[in-house]
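Participant: Any chance you can model this:
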Amino acid sequence: MVIRYENPNSYDCVIFDLDETLIDDRTAWCYTIEEAILSTLGKRIDPHPLLEEYRTRPWEDVISLLIESREIQQACLALCLRMERRSSLKHLLVFDGIGMALDKIRDLAEIGVISRWPYSEATKRIQSTGLDRFFTAIIGTDENKSWDPSLQFSECYDLLGHEKSNSLYIGGETFDINSIISHGSVAISAGWAGYESPILTPASLAALVQAGPHH
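Facilitator: Numbers count the residues shown, from 1 in each chain. Next up, the predicted model:
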């Protein structure tokens with residue numbers, strides 16, 4: 001059982017964007033592209049130069065750049081979609097310092113995560129990176145629904161039994177951050193994941209959580 005330190009000023013819960021702020025999928029992305037191209041086209045490529053521009057885009061975009069044949073493109077796409085749910089999971093990493101930061105935060109507040117993946121797939125990714133011991137709530141995105149960070153954030157703090165005024169969101173994309181802020185909550189982007197932010201490292205998070213929303 002987690003024993004939390006009494007601090008009336010701290011946030012009651014901290015909710016992370018799992019995909020953009022905790023899990024580092026860059027190695028897994030490169031592995032998936034490299035192996036899919038090798039299997040379908042029979043040649044090995046280095047996908048790292050494409051990483052920054054194409055990692056968050058649909059697989060079709062990078063595949064069409066690398067393969068001319070529409071038939072082979074479709075075969076490669078199908079393989080990428082299978083691999084990112086299975087074999088590439090073992091190549092997922094967490095950003096440096098995340099484990100230590102989460103360990104400190106859970107002494108102060110409950111931790112939840114929201115994800116672009118359906119619940120079952122998000123859970124697999126959490127388990128494969130060893131993060132499952134930290135989270136009280138996991139909110140995924142249904143297969144037939146679009147990613148809506150403010151809606152999922154609300155669902156998460158409701159599930160945890162807290163108010164939005166005392167719930168902190170840590171995310172990535174500017175659109176997501178603005179969506180949460182317009183919802184009337186506090187949202188901060190993750191500098192360690194490459195986003196513009198005053199929070200440059202996960203080590204800064206515990207003090208932020210402890211200071212709470214009214215510091």
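Participant: Which residues does the one helix or strand Leu65 maps to contact?
Facilitator: In this assignment (DSSP states H and E), Leu65 forms part of helix 59-66. Residues from elsewhere that reach helix 59-66, judged by C-beta atoms under 8 Å, 6 or more residues apart in numbering: 33, 36-37, 41, 45, 47, 50, 54, 73, 76-77, 80-81. Quick note: C-beta positions are derived from backbone N, CA and C, even for glycine.
Participant: which helices and strands does the top helix by length along the chain pack with?
Facilitator: Longest among the helix segments of the chain by residue count, using DSSP state H, is helix 26-41. Contact here means 3 or more C-beta pairs under 8 Å, 6 or more residues apart in numbering; DSSP states H and E; on that basis helix 26-41 packs against helix 51-54, helix 59-66, helix 70-83, strand 93-94.
Participant: okay, these in CSV with distance to Tyr11 and mean neighbour count next?
Facilitator: CSV is the format used below for these (distance: least, C-beta to C-beta, whole Å; neighbours: other C-beta atoms under 10 Å):
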stretch, distance to Tyr11, mean neighbour count
helix 51-54, 32, 13
helix 59-66, 37, 17
helix 70-83, 37, 16
strand 93-94, 21, 14
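Participant: Show me the one of those that comes nearest Leu208.
Facilitator: Closest approach to Leu208 among those (C-beta to C-beta): strand 93-94, 19.0 Å.
Participant: where are the low-confidence patches of the protein?
Facilitator: For the chain, the stretches flagged by pLDDT under 70 are 1-8, 214-215.
Participant: can you give me the strands for it?
Facilitator: For the chain, the strands defined by DSSP state E occupy 13-17, 23-24, 93-94, 110-114, 137-139, 167-171, 186-189.
Participant: buried set for the fourth one?
Facilitator: It stands for strand 110-114. By neighbour count on 16 or more other C-beta atoms under 10 Å, the buried set for strand 110-114 is Glu110, Ile111, Gly112, Val113, Ile114.
Participant: Check which helices and strands it sits against.
Facilitator: Short answer (3+ C-beta pairs under 8 Å, 6+ apart): strand 110-114 packs on strand 13-17, strand 137-139, helix 149-160.
Participant: does Phe16 really touch Gly171, like I thought?
Facilitator: Yes - using C-beta atoms under 8 Å, Phe16 is in contact with Gly171, at 7.5 Å.
Participant: State the distance from the residue sitting furthest away from the middle of the chain to Leu50.
Facilitator: The centre of the chain is farthest from one residue, Ser69, which by C-alpha atoms, centre = their mean lies 32.9 Å away. Computed as C-beta to C-beta, to the nearest Å, the Ser69 to Leu50 distance reads 19 Å.
Participant: now do Gly191
Facilitator: Separation of Gly191 from Leu50 (C-beta to C-beta) stands at 24 Å.
Participant: Serialize the strands of the chain to a markdown table and add fields for distance to Ala211.
Facilitator: Converted to a markdown table, the strands of the chain look like this (distance: least, C-beta to C-beta, whole Å):
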| stretch | distance to Ala211 |
| --- | --- |
| strand 13-17 | 12 |
| strand 23-24 | 26 |
| strand 93-94 | 24 |
| strand 110-114 | 17 |
| strand 137-139 | 23 |
| strand 167-171 | 10 |
| strand 186-189 | 11 |
